[in-house]
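1. Give the three-dimensional model of this entry:
(2 chains, ligands or ions: 2)
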Amino acid sequence: MYSYSDFDEAFVRARVAQFTQQVERRLDGSLTEEEFRPLRLMNGLYLQLHAYMLRVAIPYGSLNPGQMRQLAHIADTWDKGYGHFTTRQNIQFNWPKLPDVPAILQALADVEMHAIQTSGNCVRNVTADHFAGAAADEIADPRPYAELLRQWSTDHPEFQFLPRKFKIAITGSPNDRAVTRAHDIGLRMVRNAAGQPGFEVMVGGGLGRTPMIGVTVREFLPEADLLPYVEAVLSVYNTLGRRDNKYKARIKITVHETGAEEITRMIEARFAELRPLFGGNDQKLLADIREAFAPPAFRNAPTDAYDAFHSADPVFRAWADTNLTAHRNAQYAIVTISLKAHGETPGDATSAQMRLMADLAEKYGHSDLRISHEQNVILPHVHKSDLPTLHAALMQAGLATANVGLLSDIIACPGMDYCALATARSIPVAQELATHFEALKLEHEIGPLKIKISGCINACGHHHVGHIGILGLDRAGVENYQITLGGDGTETAVIGDKTGPGFAYTEIVPAIERILRAYLALRLEPSETFLQAFRRVGMDPFKVALYETEGAQDAA
Amino acid sequence: MSRRFTPKVVTANLLREGDVVYLTADDRWSPHHHEAELIEDEAHAQMRLLHASAQKLLVVGAYLADAKAGAHGPEPTHFREAFRTRGPSNYPHGKQADLV
Ligand code: HEM
Ligand code: SF4
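-> Ligands and ions are numbered 1, 2, ... in the order given. From the prediction side, this is the model:
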C-alpha cells in the first residue's frame, strides 16, 4: 500500500493546523458563517439535517488495518459508534460536533488520512475497482494510476475551482466494477492489437439530474500518456464548462452541448500541446508508486480444509458461493464482507465491526482492506484454507450475511434520515425490502439483482444504473417513490427507464414484489437473470404487473 | 398576487453541536418543536427571522418552516420538518434519544 511521503505528511498536517485555526475563529466570531462555510467544505465538513457530517476520503477505497481501527476510534470518541461507507468509497461520520472536528482531522492525519477535496468543485476522491490487485480478470492493478492521479490533482492550482465537482473512476479489468461510464472521466484498462496495456478513456458520464453514459474519446491511450491526457480533458472542461448555471456545469453537459466529435478534437489538440511538457517525471513517480503496490507474498499451502468445509457445512457453502470472487492466485479468494445484514442500514459498520475487520485483515488478509462503491468491505487476499475460520469470526459479529450481489445487497444513500438535500428517505425503504424478501425466502431464488435507492435527484445512490432503481421524491408533502428498470453500471452501462407514476411509502415494497414476481413468472429458466429477462421482454410486462394490479383491485 | 401567509416557526441548527432548534416566544432556542413560537403574521415572522439570523455565535441557517397549532403547541406540517423534530428513522439517535 502507498505510504505518505514527507511532502504528503507535511501538507496534510499544515491543512489540519490551518483548519483548526479557522474553527477557532468561527467559534469566537471572527469569521461569519458565510466566510466559514467554504472553508469547512474544503475540509469535508457539511451541515446536515440533524448534525454536522464529516466526509473522509478513502483513496480508491484502500485501507490498512491501522486506518480502519482509527476510524473505529473516531466513531467511538467523537461520534455515535459507527460510520457510513458511501458509493464514492468514502466514510461519513454523521454526528461530529464542530469544536471536535480539528481533533478528528488530527487523528486522521496520524494514520495518513484526511478529508481534503471530499467536497467542492475540484477533482474528488479517485475511485477504483475494489478488487484491484487481486481480480483474476485484471490486466493491471489500477491503484498506482489512481494514486498518481490523486497526487497530481491534490491542490492542483488550476483545478481547485472547476465549474463543478469532478469524478474520476478507474478499473484495471475489462469487466467494469467501478461504474466508469457514469463518471466525468472513466478509465478502463484494455489491450491493443499488440497486446500492450492502455486505457479506454470515457468522458461525460454522470448521474444526478441529467443522467448520461460517458462517451469514448479514446479507444486506446498508452499508459504513459495518462496524466497529460487527463489534464487535457480537465483543461478543456475548465475552459468550456458552464459557470452560468450550476445544473449545466458538469462535463456531461459540455460534452452534450459541444458534441462528442468536437470535444474529442479539442481534447486531442490540447493533449498535443501538453504532452511535450511532461518530461517523464510522472513515469518515474508512477514506477515508485507501483513498487508500493507490489503484490503481497502469497503463501503456498494446501486448500483441503476449504474443500472439506465447503462440502460439509451448508451455511459456509452458501456464504462462500455468494460472497467470494475468483482471485488471480487459485489458492486464494477475494472475500466481500456484506454490510447489508437484513434490516440494517446499508453501508454502516459499528466500531466493533470495524475493529474485527481490521483484525481479520491483519491475520488472514495480508493487511489489506477495501471499501466498495456498493458499500461493502473487501478482504482482497485470503488464502482458502483460512476461510472457514474467517467465516466463523464474521458470523459472531453479524458480518457473514450471504447476500452479495443479491436483492438485499442494496445501495442506499443516506436520504432524508441524514441528508439536507433529500426529498424522501432511502434507508428505511432498503431495510424493509431486505426484511420483506428475507421473510419470503425469495432472494436466492431471484438471483443476481442490483437495487439502488436515492433520496433525491442527485442520485448518490446510483438509482439510474440499478437493475431496479428507486428515487425518493416529495409529492405535495408526502414521500413518493419512482421506479426505473433495466439500468446497468458495468461495461454494458445503460440508464434505467422510468416505469410510470411513483408509489407512496407504504406501496413501494409491494410494488417491487410485483415486479419480481412478474420476473419469476416470465424468465425462461432460473439462470436467466432479471436484467437479461428485462432486456429480452422490455418494459411492458413489468408495467402491467406494476399498475394493472391496482386497476384490478379498484374494479373488485 | 402574493400567496396567503401560513403559520411558521423559526428553526435553525446550533453552531457548535449542529442540533435542530426552534425559537421560542421568550427568545430561547429550544430542541422541542412544541415550545416554538407559532407566528401567524408575515411581518412579525420576518422580524423574528432577522432576530434569529443575528445570533451568529449560537445558530446557523435559520429559516421559517411551516407549522400549525396542535394540542400541545406548534406541530410541523411537512414530513421533512417532522423528521427534524426527532432524528433519523434507522437508529434512535438525535433528539428522540434525548427526549425519552
Ligand atoms: C452531504 C451529503 C451529500 C450532499 C450534499 C450531496 C450532494 C450531491 C449533489 C449536489 C450531487 C449532484 C451532482 C450533480 O450531478 O450536479 C450529488 C451526486 C452524487 N453524490 Fe452526493 N451528496 C451527499 C451525499 C452523498 C453520499 C452519502 C454519497 C455516497 C453514498 C454520495 C455520492 C454521490 C454520487 C455517486 C453522485 C452521483 C452523481 C454523478 O456522478 O453525477 N453523495 N451529490
Ligand atoms: S441522493 Fe440526494 S438525498 Fe441521497 S445523499 Fe445524495 S443528495 Fe442526499
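
2. all strands for chain B, in order.
-> B:8-14, B:20-23, B:29-30, B:59-70, B:73-76 (DSSP state E).

3. what would those look like in a markdown table with mean neighbour count?
-> In short, each C-beta sits where N, CA and C put it, glycine included. Below are the strands of chain B laid out as a markdown table (neighbours: other Cβ atoms under 10 Å in any protein chain shown):
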| stretch | mean neighbour count |
| --- | --- |
| strand B:8-14 | 23 |
| strand B:20-23 | 25 |
| strand B:29-30 | 18 |
| strand B:59-70 | 17 |
| strand B:73-76 | 20 |
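
4. can you list those strands in TSV and add distance to A:Thr118 and mean pLDDT?
-> TSV is the format used below for these (distance: least, Cβ to Cβ, whole Å; pLDDT from 0 to 100):
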stretch	distance to A:Thr118	mean pLDDT
strand B:8-14	20	98
strand B:20-23	24	98
strand B:29-30	30	98
strand B:59-70	20	97
strand B:73-76	31	97
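
5. of all those, which lies closest to A:Ile116?
-> Among the strands of chain B, the nearest to A:Ile116 by Cβ to Cβ is strand B:59-70 (22.4 Å).

6. Cross-check the contact I'm expecting between A:Asn403 and A:Glu443.
-> Yes. Counting by Cβ atoms under 8 Å, A:Asn403 does reach A:Glu443; the two are 6.6 Å apart.

7. quick one: which of the two has more around it?
-> A:Asn403 (24 against 20; other Cβ atoms under 10 Å in any protein chain shown).

8. And for the one residue in chain B that gets nearest to ligand 2, the neighbour number?
-> As assessed by Cβ to the nearest ligand atom, ligand 2 sits closest to B:Arg80 within chain B, at 11.3 Å. Neighbour count of B:Arg80, defined by other Cβ under 10 Å: 18.

9. what does A:Arg317 give?
-> Neighbour tally, A:Arg317, other Cβ under 10 Å: 14.

10. A:Phe36 now?
-> 21.

11. check contacts around it.
-> A:Gln22, A:Arg25, A:Arg26 (Cβ atoms under 8 Å, 6 or more residues apart in numbering or on different chains).

12. Most neighbours among those residues, please name it.
-> Most surrounded of the contacts of A:Phe36: other Cβ under 10 Å gives A:Arg26, at 24 neighbours.

13. quick check, that residue in a strand?
-> No. Under DSSP: H, G, I helix; E, B strand; the rest coil, A:Arg26 sits outside any strand and is assigned helix.

14. For the residue of chain B closest to ligand 2, which non-adjacent residue is spatially closest?
-> A:Met416 (6.4 Å; Cβ to Cβ, 6 or more residues apart in numbering or on different chains).

15. And B:Leu38, by the same measure?
-> Using Cβ to Cβ, 6+ apart, the nearest residue to B:Leu38 is B:Pro74, at 4.2 Å.

16. isn't the one you found right up against B:His33?
-> Yes. Using Cβ under 8 Å, B:Pro74 is in contact with B:His33, at 6.2 Å.

17. who touches A:Pro102 in this structure?
-> Here A:Pro102 is in contact with A:Val16, A:Phe19, A:Thr20, A:Val23 (Cβ under 8 Å, 6+ apart).

18. Taking those, please make a ChimeraX selection of just the buried ones.
-> Command for ChimeraX, covering only those of the contacts of A:Pro102 found buried under the criterion 16 or more other Cβ atoms under 10 Å in any protein chain shown:
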select /A:16,19,23
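
19. Most proximal residue of chain B with respect to ligand 1?
-> B:Gly18 (12.5 Å).

20. ok, that residue - how many residues close by?
-> Count around B:Gly18 with other Cβ under 10 Å applied: 21.

21. Look up the closest residue to it, ignoring the ones flanking it.
-> Closest to B:Gly18 by Cβ to Cβ, 6+ apart is A:Ala51, at 3.9 Å.

22. Give the buried residues for stretch B:32-42.
-> B:His33, B:His34, B:Glu35, B:Ala36, B:Glu37, B:Leu38, B:Ile39.

23. ok, for the second one, nearest residue in space, not its chain neighbours?
-> Sequence neighbours aside, B:Gly73 is the residue nearest to B:His34 in space, at 3.2 Å (criterion: Cβ to Cβ, 6+ apart).

24. gap between the one you found and chain A?
-> 20 Å (Cβ to the nearest Cβ, to the nearest Å).

25. That residue against B:Glu37, yeah?
-> No. The pair B:Gly73 / B:Glu37 is not scored as a contact, 9.5 Å apart, by Cβ under 8 Å.

26. Just want the most central residue of the chain.
-> Using chain A. Residue closest to the average C-alpha location in chain A (Cα atoms, centre = their mean): A:His373, at 2.1 Å.

27. oops, I was thinking of chain B
-> Note: chain B centre (Cα atoms, centre = their mean) maps to B:Thr11, 3.0 Å.

28. mind listing what the helix or strand containing A:Pro380 pairs with, with the direction of each?
-> In the assignment (DSSP states H and E), A:Pro380 maps to strand A:377-383. Next to strand A:377-383 in the sheet, as set by DSSP bridges, lie strand A:332-337 (antiparallel), strand A:369-371 (antiparallel).
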